[in-house]
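>>> Sequence and predicted structure, then a few things I'm wondering about:
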Amino acid sequence: MNRITPLILAVALFMEQMDSTVISTALPAIAADLGVGPITLKLALTSYMVALAIFIPVSGWMADRYGAKKIFRIAILVFVAGSILCAVSGSLLAFVAARFLQGMGGAMMTPVGRLVLLRTTKRSELVSAMALLTIPALVGPLTGPPVGGFITTYFSWHWIFLINVPIGFAGVWLSTIYLPEVPAVETPPIDLKGFFLSAIAASGVVFGLSVMSLPALPVAAGIGATVIGVIAGMLYLLHALRHPTPLLDLSLFRNAAFRTSALSGSIFRIAAGAIPFLMPLMLQLGFGMSPFQSGLTTFIGAIGAITTKVLARRVFAAAGFRSVLIVAAISGAATTAANAFFSPATPIMVIMGFLLAAGFCRSFFFTGINSLAYAEIDDRQASQATSMSSVLQQISLALGVAVAAAILEASTAYHGRPLALDDFHLAFAAVAGLSLIAVLPFIGLARDAGAAVSGHGRRREVAEEMTVK
């Protein structure tokens with residue numbers, strides 16, 4: 001395997017993933033400079049996620065039409081341009097628009113990066129490559145808060161965005177030199193009706209859930225947007241069933257491995273999306289930590305995520321996707337449930353130990369589930385698969401924050417008091433239960449599913465051949 005390819009893609013995706021969370025700790029400082037309230041400025045977070053939801057579905061078609069390598073480099077440049085505009089913004093409208101532009105670049109980077117990896121990596125080496133590509137998705141959200149807090153405290157919030165400029169240009173330069181060419185393929189005309197319906201559906205759901213969980217606007221607006229998104233989604237389903245070449249091809253779900261990956265991954269990702277929201281709040285409000293202290297505490301999970309790179313290929317080859325993913329989901333649920341028992345009296349090393357184990361389990365799960373999604377997909381459907389997976393991931397993560405926020409609000413309303421540590425304990429217990437449900441889709445999956453990618457069974461076959469000889 002050409003190891004430079006996943007490393008270049010991983011750096012670009014890390015930049016995008018970290019930037020989506022680094023802004024959270026800088027919101028008060030940015031809001032003060034722009035002359036608005038921190039709650040109002042959360043529209044910038046929402047605009048970024050809405051841009052992702054709108055443009056992810058079309059990313060696969062653009063990569064096929066114009067070449068994945070070319071689109072990947074353009075995506076980085078769009079992201080960098082948005083970063084520069086964020087840094088020089090002098091008003092709320094300008095900042096929200098700049099974040100939307102950043103989201104357009106981010107929407108192309110993630111699925112197109114996976115497509116480049118899928119088309120330049122042997123199936124037998126996909127697990128190792130995907131392990132590298134999974135790390136940014138887990139490390140980025142953990143790195144964002146402490147990095148954002150440090151830069152905002154000791155420098156200026158503008159540098160949160162300006163540091164993307166040298167990283168982005170380095171990414172374009174390295175991509176130009178080292179990424180293999182992924183030629184354009186013949187594609188049908190873009191499904192415009194499908195694009196508009198999918199854009200309304202995904203952005204409506206993501207916007208609605210974001211508003212309900214981060215109420216910068218009235219909750220009624222969030223509910224209305226979510227309903228519109230769901231209706232548009234239903235209309236898209238009817239459209240896709242009739243269209244010969246829909247933007248997002250529903251026939252992918254006929255493949256058992258992809259269907260299981262999409263369903264189980266979405267359920268588990270809802271829980272995973274809730275944790276970066278719940279943990280910093282619990283450590284700050286319930287334990288009295290500063291944002292920087294809580295960020296340093298949760299960062300230990302990144303170390304757990306990185307260690308999977310060393311073990312992933314051997315473990316999946318030894319036990320197969322089905323067995324490893326079941327164990328990883330159960331272990332991830334257990335380590336999440338442990339958070340429900342933490343208190344200010346709990347030794348910090350115990351907390352960090354569980355967070356380390358949680359990062360390890362979640363990284364194993366996502367490495368496996370992302371590899372399984374493409375294990376039995378042919379090259380003609382690769383761009384469709386990456387787009388569909390990215391859309392489901394974005395909606396799941398947004399839903400995770402909304403679910404966590406809804407549990408906290410319901411708990412405080414029931415007890416009739418301000419937010420307390422018990423509310424976080426309840427939320428973590430509920431999220432752990434949701435993680436456990438992710439095991440159910442694997443029950444009907446064949447034990448040898450994705451064997452060509454995992455390598456499971458090859459050692460036995462080789463041993464039998466040697467015995468016969």
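Received the coordinates, thanks. Keep in mind the model is a prediction, meaning the values are calculated, not measured.

>>> and V310, how many neighbours does it have?
By other C-beta atoms under 10 Å, 11 other residues sit near V310. Any C-beta I mention is one placed from the backbone N, CA and C, and that applies to glycine too.

>>> Need the pLDDT of it.
We have a pLDDT of 71 for V310.

>>> Not counting stretch 124-134 itself, show me its contacts.
1, 3, 5-7, 9-10, 13, 113-114, 117-118, 121, 305, 308-309, 312-313, 316-317, 363, 366-368, 370-371, 374-375, 452-455 (C-beta atoms under 8 Å, 6 or more residues apart in numbering).

>>> sorry, that was for stretch 84-100
By C-beta under 8 Å, 6+ apart, stretch 84-100 touches 30, 34, 36, 40-41, 43-45, 47-48, 50-51, 82, 101-102, 158-159, 161-162, 165.

>>> how about a cut-off of 7 Å?
Stretch 84-100 is contacted by residues 34, 36, 40-41, 43-44, 47-48, 51, 82, 101-102, 158, 161-162, 165 when judged by C-beta atoms under 7 Å, 6 or more residues apart in numbering.

>>> what does stretch 296-315 give?
By C-beta under 7 Å, 6+ apart, the residues outside stretch 296-315 that reach it are 127-128, 131-132, 135, 138-139, 142-143, 146, 279-280, 283, 289, 324, 348, 351-352, 355-360, 363-364, 367.

>>> Got a PyMOL select line for the buried ones in the residues you listed?
Buried members of the contacts of stretch 296-315, defined by 16 or more other C-beta atoms under 10 Å, are picked up in PyMOL with:
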select buried, resi 127+128+131+132+135+138+139+142+143+146+279+280+283+289+324+351+352+355+356+357+358+359+360+363+364+367
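
>>> Just the ones of the contacts of stretch 296-315 in helices?
127-128, 131-132, 135, 138-139, 142-143, 146, 279-280, 324, 348, 351-352, 355-360, 363-364, 367 (DSSP state H).

>>> ok, now which ones touch the residue lying closest to L325 once chain neighbours are set aside?
Counting by C-beta to C-beta, 6 or more residues apart in numbering, L325 lies nearest to G368, which is 4.8 Å off, once chain neighbours are set aside. Residues counted as contacts of G368 (C-beta under 7 Å, 6+ apart) are 316, 321, 324-325, 328.

>>> Tabulate these (CSV), appending distance to C86 and pLDDT.
Listed next are the contacts of G368 as CSV, based on distance: C-beta to C-beta, whole Å; pLDDT from 0 to 100:
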residue, distance to C86, pLDDT
F316, 39, 87
F321, 40, 89
V324, 40, 90
L325, 38, 93
A328, 36, 93
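
>>> Select from those the one having the most neighbours.
When neighbours are taken as other C-beta under 10 Å, the top entry among those is L325 (32 neighbours).

>>> So that one sits against F365, correct?
Yes: L325 is in contact with F365 according to C-beta atoms under 7 Å; the separation is 6.2 Å.

>>> List the ones among the contacts of stretch 84-100 that fall in helices.
34, 40-41, 43-44, 47-48, 51, 82, 101-102, 158, 161-162, 165.

>>> Just the buried residues of the residues you listed.
Here, 16+ other C-beta under 10 Å leaves 34, 41, 43-44, 47-48, 51, 82, 101-102, 158, 161-162 buried among the ones in helices among the contacts of stretch 84-100.

>>> quick one: which of those is nearest S198?
Nearest to S198 out of those is A51 (C-beta to C-beta; 13.9 Å).

>>> quick one: which two of the buried ones among the ones in helices among the contacts of stretch 84-100 are the most distant?
Maximum pairwise distance among these (C-beta to C-beta): 21.8 Å, between L43 and L162.
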